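> Attaching a predicted model along with its sequence, questions to come.
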Amino acid sequence: MKRRHFVSIFPLSLAAPLSLAVSNKIKPSSNSALLVVDVQNCFVKGGTLPVQHGEEVVPVINRLALLFDNVVITQDWHSPAHISFASSHADGHPFKQVQLSYGQQVLWPDHCIQGTPDADLVSSLHVPKAKLIIRKGYHQNIDSYSAFREADHTTGTGLTGYLQEHKINQVFISGLATDFCVAWTAIDARSLGFDTYVIEDATRAINLNGSLEVAWKKMASAGIHRIQSGDLVG
Ligand code: VGL
Ligand code: ZN
């Protein structure tokens, strides 16, 4: 719930020529970046791993992107026969959990294969000021939900260095899917020291066996702010 207080510096009996608007809106600065996670054909209607209502994030993100000097896009960018695909495992089926060398992995339908139209950004996404596209998940034997490091928690994508070089200390995260790539990106951002916000209505979730609720709990306990797109102003 948002409130706006008008604090008059004149007695009420006078017509106040000056009032100060005190509100809890957030205005991005030159030290803020918007991360637009995986808004790709694979994750919307008609794609290979559609997130319910995934396409609804597009107009929200298009509006938000105008408020930021710094915008970074990510793209899930898998090699064919990637280890995260159910089809790469003898007894695999989509949405099964398996143990891999680097930890638990959900197996997915084949999705976002490098260079295919399925991996393209959604064509209605309009983020003209984005300067960087980070592609992730291209190593055959490691998945990468996070925009910062791969699922081995070791191999970096280069995003940390990019943000540091641009003196960015605050990140706002949007895109797909809330409970996988958005949440993993947010948790890494926070653990790397960034002031981290997830813009809830600029995301949609896969929600596999309650994964959305688990993700919000983890993000809250990590100190990640949960906000709505209307909380941001230019
Ligand atoms: C994602 C599942 C598999 C995501 C990527 O973008 O959240 N989820 N690959
Ligand atoms: Zn993927």
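Arrived safely. Ligands and ions are numbered 1, 2, ... in the order given.
> which ones are touching Gly47?
For Gly47, the set of contacting residues under the criterion of Cβ atoms under 8 Å, 6 or more residues apart in numbering consists of Gln40, Asn41, Gly54, His111, Asp118. For glycine as for every other residue, the C-beta is placed from the backbone atoms N, C-alpha and C.
> export those residues to JSON lines and tack on secondary structure and pLDDT?
JSON lines is the format used below for those (DSSP: H, G, I helix; E, B strand; the rest coil; pLDDT from 0 to 100):
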{"residue": "Gln40", "secondary structure": "strand", "pLDDT": "98"}
{"residue": "Asn41", "secondary structure": "helix", "pLDDT": "98"}
{"residue": "Gly54", "secondary structure": "helix", "pLDDT": "98"}
{"residue": "His111", "secondary structure": "coil", "pLDDT": "98"}
{"residue": "Asp118", "secondary structure": "helix", "pLDDT": "98"}
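> Tabulate those residues (CSV), appending neighbour count.
Formatted as CSV, the entries for the contacts of Gly47 read as follows, by neighbours: other Cβ atoms under 10 Å:
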residue, neighbour count
Gln40, 27
Asn41, 22
Gly54, 26
His111, 23
Asp118, 18
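> ok, of these, which one's closest to ligand 1?
Distance to ligand 1 across these (Cβ to the nearest ligand atom) is lowest for His111, with 6.4 Å.
> out of the contacts of Gly47, which touch ligand 1?
Among the contacts of Gly47, none lies close to ligand 1 by the criterion of Cβ under 6 Å from any ligand atom.
> Now the two most distant members of those residues.
Using Cβ to Cβ, the two most remote members of those are Gly54 and Asp118, lying 13.1 Å apart.
> Quick check: buried residues in the strand ranked longest in the chain?
The residue-count maximum for a strand in the chain (DSSP state E) belongs to strand 195-204. Counting neighbours by 16 or more other Cβ atoms under 10 Å, one finds that the buried residues in strand 195-204 are Asp195, Thr196, Tyr197, Val198, Ile199, Glu200, Ala202, Thr203, Arg204.
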